[in-house]
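Asks: Next input, structure requested:
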Amino acid sequence: MSTNISWADVSDNVPTLHYPSDFEAWSIKLREYCFAKGVLPHLDGVVPEPFRSPTMERKGWAGTQEPIHQEIDHRMFEHLLERRAKYSGMTLEALQRKGIVIVLPLKQLQMWDRWAEKERLARMAILKSIAPFHVDGLGDLPTAHEMYKKLAAAARAE
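Replies: Numbers count the residues shown, from 1 in each chain. Next comes the predicted model:
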């Protein structure tokens, strides 16, 4: 479910970060851009991924795969598992033995999808506004917030 958030205009609004000495000016413009797009909380790391258990290690980038089965926050997972057992007439143990995979219901999946789209925009805003040689150390980081923190730390180290 798309809300049509686009990062195509990032190069018109955010200068390219080449050197650590440019970080402050770049950061101000990036933060203004992210604020205007409604994704600044993702850059600041204050919007956790909805429905994903904080104790589960993330596989890949944030916003690319919705949580399923044991990755779902345990309170919601237990609720979904109980609901599935009730409708199937099976016990929880039987469901788990059968290997039934629990997925998010449509309403929660749509909420996750909106969060994921904003997370991807924040990541792309960073990746599209930095010089190519900066990308090497950032592409594997799972969230926009972690990418931003790494760039800030590199600028402080210089």
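Asks: The nearest residue to Thr91 once chain neighbours are set aside and Ala155: what is the separation?
Replies: Leaving aside its chain neighbours, Thr91 sits nearest to Ala85 (6.3 Å; criterion: CB to CB, 6 or more residues apart in numbering). Using the backbone N, CA and C atoms, a C-beta is placed for each residue, glycine as well. Here the distance between Ala85 and Ala155 works out to 52 Å (CB to CB, to the nearest Å).
Asks: and if you look at Ile100?
Replies: The gap separating Ile100 from Ala155 is 48 Å, by CB to CB.
Asks: ok, these two, which is more surrounded?
Replies: Ala155 (17 against 14; other CB atoms under 10 Å).
Asks: Ala25 is in contact with the more buried one, correct?
Replies: No - applying CB atoms under 8 Å, one finds Ala155 not in contact with Ala25, separated by 10.8 Å.
Asks: For Ala8, see how far away Leu109 is.
Replies: To Ala8, Leu109 is 26 Å away according to CB to CB.
Asks: again, but for Glu24
Replies: As judged by CB to CB, Glu24 and Ala8 stand 25 Å apart.
Asks: again with His18
Replies: Taken as CB to CB, the span from His18 to Ala8 is 21 Å.
Asks: Comparing these two, which residue is more hemmed in?
Replies: His18 (12 against 8).
Asks: ok, now which ones touch the more buried one?
Replies: Applying CB atoms under 8 Å, 6 or more residues apart in numbering, we find His18 in contact with Ala131.
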